[in-house]
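K.L.:
sequence and predicted structure are below.
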Amino acid sequence: MDLVSMFFEEMGSRINESKEALRRLLENPEDYSLLETIFRDFHTMKGSASLVGMKNFQKVFHNLEDILKEWRENPSMVDQKSVVNMINTLEFLSSRKKSLSEGDLEEVERILNGEGRFTDEGSRDLAIDKEIKEMLEDILDSVVELETYLKSGDIELSEALIGMLKKKLLKIYERTKYVRLSEVLTGFEDLVLKDALDTGKKVRLNLNVEGAMVEKEDASVLRDSLIHVVRNAIVHGIEKPDFRKELGKSEYGQITITAFIDGGELTVKIEDDGRGIDLKAVERKVKKLGLSVSNPIDAIFLPEFSTSDSVDERSGRGVGLSAVKDFIGSRKGTVDIETHPGKGTKFILRIPLRRYLKRCLILRRGESIFAVKADDVDEVIKVEKIFTKDRKTYISHENKIYEVVDLSSGEAQFAVISRGFAVVADEILEVRDTPLKMSDISVPFVIGFALGLGMFPVPVIDPSKLEKRVTPAEGRRKVLVVDDSPLTRLVIMRILERAGYDVIGVPSFERAVKAVTSDDFDYAIVDLELPDGNGIDLVRELKRIKPSLHLAILTTADTEDNRVAAEKAGADAFLSKSSDIDKILSFMKGDV
């Protein structure tokens, strides 16, 4: 790192320390230790600027020293306006990444006099190049190490290192897709100070957002939304200092932003200790305007709604809170409000996070392998009380009734309660963080496919979108689906079940022979290529076992040679997976 880069890095650090000391100085204008801390920082930066040839920076910090000397001699000069002007000046300086021009010096003078243009975006530098560079170097080292293990045949160590690489790559992915909320909120303290000054109030902002992340594409809109809520609290919630004293409160109003990630969503709470929302005034305005809302407090989110006769530009009333609601709604999130007269108001924003890896429960039911997102799982229960009504199956658990979703048949060991339904299964194969990918095959109840779980993608289902399995009625025709791909099996089985057929799926030649030998099937749909044989031979064997069985080959290898071989073996139809999937039902009806 060169000397100039070191200068700007040191300046950024010392400016942040000085800004924090300036905010504390507002509450304790006669605390000389704070003035001394700030003075030392400015004096150090003046010397550093001189060493690296930054003459205009040297000149600015010298001027700032002179102002601090005046403050030390006359503490009454330390008022809210002068401190805000000083903080805004420091913000401007920290945004410069090269020598100050003469125009920059004029701008500094204007800001110090309260005339410069203040931007509430702050100096947010969200660049992560340095951090990512270090992580990539670490990964390259690990790749070289992995090559060594693979060449030596050490599979165990190779697998362990691959797991570590996956975690490191995921961390890089998240640093490129997400940004720390603390970075997004850079400059918020100064925004609050300025708005408090403009409204004649005293407000302290408390940020408890460490560890919280937000998607970069949402960062700007979320910041704007929080500005709306915070400004609304300053203008309409926090009382004037004298009135707060009369109420027995501190003259400094408190606004606290707390954020954390839980259960796959970002929760942000904005709480103030002001007067609270006047619900009676809201109800009167709702009635006067003839608005239709289920809860009067929801009216504050309506466009142009205000209990005041005039709209305040700073808080954005009538526009700001409506924009907040629209943004959260667009992200399928929620906004809740808690308010108490004389004590304050709390806004609670919840925004689902779109993670690259989704935690899934991988389940087995009979021969079907499928998954359910962990975020959608309420609990896993043992199947005990199960009953049928109107040809639908239900499970009773702790005085609640859940409709059963069953991708196979027979007794089930347990059920996953998800989205209000009971998804029955025989086994939880694993809980895994996996990418979810979409497919060209459009199935309403499949929301994606989990990767990295073997040769085939595992369908991830949304139980609420499944047409629920009903108890087979007498006379329903029975179909055997033979395919080693869990995805293909599941898709075909659901197509047939929706059409009223009773369907069983198996993954292999051997299992198909056992099924037809022990059960009475009317139809069989067979994949051409199976792990323990081929579909042509299977058609021939199944026809031998049950000559009346109607058989169709379903394959991606739809060549003329295969078509002729299937017909000679006794297949009644030869269908292509790529183009004839919709012809399965036609085959069942005898039209193919």
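P.N.:
Great, that's in hand.

K.L.:
what about the helix or strand residue 359 falls within, average pLDDT?
P.N.:
Using DSSP states H and E, residue 359 sits within strand 357-365. Computed over strand 357-365, the mean pLDDT rounds to 86.

K.L.:
quick one: buried residues of it?
P.N.:
Neighbour counts over strand 357-365 (16 or more other CB atoms under 10 Å) mark 357-358, 360-365 as buried. Placement of C-beta: from N, CA and C, glycine included.

K.L.:
format those as TSV; extra columns: distance to residue 185.
P.N.:
Listed next are the buried residues of strand 357-365 as TSV, based on distance: CB to CB, whole Å:
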residue	distance to residue 185
357	26
358	28
360	33
361	36
362	39
363	41
364	46
365	47
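
K.L.:
among these, which two are most distant?
P.N.:
Spatially, the most separated pair among these is 357 and 365, at 24.1 Å (CB to CB).

K.L.:
show me what the helix or strand just after the strand holding residue 359 is packed against.
P.N.:
The first helix or strand that comes after strand 357-365 along the chain, using DSSP H and E, is strand 368-373. Packing contacts for strand 368-373, counted by 3 or more CB pairs under 8 Å, 6 or more residues apart in numbering; DSSP states H and E, involve strand 357-365, strand 458-461, helix 486-498.

K.L.:
can you put the ones you listed in TSV and add distance to residue 525?
P.N.:
Supplementary listing: the helices and strands packed on strand 368-373 in TSV, determined by distance: least, CB to CB, whole Å:
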stretch	distance to residue 525
strand 357-365	19
strand 458-461	18
helix 486-498	6
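
K.L.:
quickly find the element holding the closest residue to residue 289 other than its chain neighbours.
P.N.:
Sequence neighbours aside, residue 305 is the residue nearest to residue 289 in space, at 7.7 Å (criterion: CB to CB, 6 or more residues apart in numbering). Using DSSP H and E, residue 305 sits in no helix or strand.

K.L.:
repeat that for residue 49.
P.N.:
Residue 49 belongs to helix 32-51, assigned by DSSP H and E.

K.L.:
gap between the spatially most central residue of the chain and residue 261?
P.N.:
In the chain, the residue lying closest to the centroid (CA atoms, centre = their mean) is residue 353, at 0.4 Å. To residue 261, residue 353 is 7 Å away according to CB to CB, to the nearest Å.

K.L.:
what do those two both touch?
P.N.:
residue 213 (CB atoms under 8 Å, 6 or more residues apart in numbering).

K.L.:
tell me the contacts of residue 245?
P.N.:
Contacts for residue 245 (CB under 8 Å, 6+ apart) come out as residue 251.

K.L.:
nope, residue 136 is what I meant
P.N.:
Shown in contact with residue 136 (CB under 8 Å, 6+ apart): residue 172.

K.L.:
does it count as helix, strand or coil?
P.N.:
helix (DSSP: H, G, I helix; E, B strand; the rest coil).

K.L.:
picking that back up, any idea which of the helices and strands packed on strand 368-373 gets closest to residue 41?
P.N.:
Nearest of the helices and strands packed on strand 368-373 (CB to CB): strand 357-365, 43.2 Å.

K.L.:
tell me which strands and helices the closest one is in contact with?
P.N.:
strand 368-373, strand 421-425, strand 427-437, strand 446-450, strand 458-461.

K.L.:
pull the CA atoms of it into PDB?
P.N.:
The C-alpha trace of strand 357-365 is given here as PDB (Å, rounded to 0.1, in the frame of the first residue of the first chain):
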ATOM      1  CA  LEU A 357     -28.500 -22.300  -0.800                       C
ATOM      2  CA  LYS A 358     -31.800 -23.400   0.700                       C
ATOM      3  CA  ARG A 359     -32.000 -25.800   3.700                       C
ATOM      4  CA  CYS A 360     -34.200 -28.800   2.700                       C
ATOM      5  CA  LEU A 361     -35.500 -31.900   4.300                       C
ATOM      6  CA  ILE A 362     -34.800 -34.800   1.900                       C
ATOM      7  CA  LEU A 363     -37.600 -37.300   2.300                       C
ATOM      8  CA  ARG A 364     -38.400 -40.800   1.100                       C
ATOM      9  CA  ARG A 365     -41.900 -42.100   0.700                       C
END
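
K.L.:
domain parsing of the protein, as residue ranges.
P.N.:
3-112, 129-176, 185-352, 357-465, 478-588 (automatic domain parsing).

K.L.:
and the shortest one, how far out from the chain middle?
P.N.:
It refers to domain 129-176. Its chain's average C-alpha position is 25 Å from that of domain 129-176, according to CA atoms, centre = their mean, to the nearest Å.

K.L.:
tell me the mean pLDDT over that domain?
P.N.:
81.

K.L.:
next: the last one.
P.N.:
Rounded to a whole number, the mean pLDDT of domain 478-588 is 85.

K.L.:
and stretch 298-316, by the same measure?
P.N.:
For stretch 298-316, the per-residue pLDDT values average out at 63.

K.L.:
ok, which stretches of the stretch 1-150 of the chain are helices?
P.N.:
3-27, 32-51, 55-73, 80-95, 102-112, 129-152 (DSSP state H, counting those that start in this stretch).

K.L.:
most tightly packed of those?
P.N.:
Among the helices of the stretch 1-150 of the chain, the stretch with the highest mean neighbour count (mean count of other CB atoms under 10 Å) is helix 80-95, at a mean of 20.

K.L.:
packing partners for that helix?
P.N.:
helix 3-27, helix 55-73, helix 102-112, helix 188-199.

K.L.:
can you redo these as a markdown table with distance to residue 171 and mean pLDDT?
P.N.:
Shown next, in a markdown table, are those (distance: least, CB to CB, whole Å; pLDDT from 0 to 100):
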| stretch | distance to residue 171 | mean pLDDT |
| --- | --- | --- |
| helix 3-27 | 23 | 83 |
| helix 55-73 | 36 | 89 |
| helix 102-112 | 38 | 87 |
| helix 188-199 | 26 | 86 |
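
K.L.:
which one of these lies nearest to residue 205?
P.N.:
helix 188-199 (4.4 Å).

K.L.:
now do the contacts for residue 301.
P.N.:
321-322, 324-325, 335.

K.L.:
looking at the buried residues of strand 357-365, spot the one nearest residue 532.
P.N.:
Nearest to residue 532 among the buried residues of strand 357-365, with distances taken as CB to CB, is residue 364, at 19.2 Å.

K.L.:
quick one, what contacts the nearest residue in space to that closest one that is not next to it in sequence?
P.N.:
Closest residue in space to residue 364, ignoring its immediate chain neighbours: residue 427 at 4.5 Å, by CB to CB, 6+ apart. Neighbouring residues of residue 427 by CB under 8 Å, 6+ apart: 363-364, 413.

K.L.:
again, only this time at 10 Å
P.N.:
Going by CB atoms under 10 Å, 6 or more residues apart in numbering, residue 427 touches 362-365, 369, 413-414.

K.L.:
ditto for residue 336
P.N.:
Here residue 336 is in contact with 269, 297, 346-350 (criterion: CB under 10 Å, 6+ apart).

K.L.:
just the buried ones from the residues you listed?
P.N.:
Counted by 16+ other CB under 10 Å, the contacts of residue 336 give 269, 297, 346-347, 349-350 as buried.

K.L.:
got those residues as JSON lines, with distance to residue 213 columns?
P.N.:
JSON lines is the format used below for the buried ones among the contacts of residue 336 (distance: CB to CB, whole Å):
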{"residue": "269", "distance to residue 213": "16"}
{"residue": "297", "distance to residue 213": "30"}
{"residue": "346", "distance to residue 213": "22"}
{"residue": "347", "distance to residue 213": "20"}
{"residue": "349", "distance to residue 213": "15"}
{"residue": "350", "distance to residue 213": "15"}
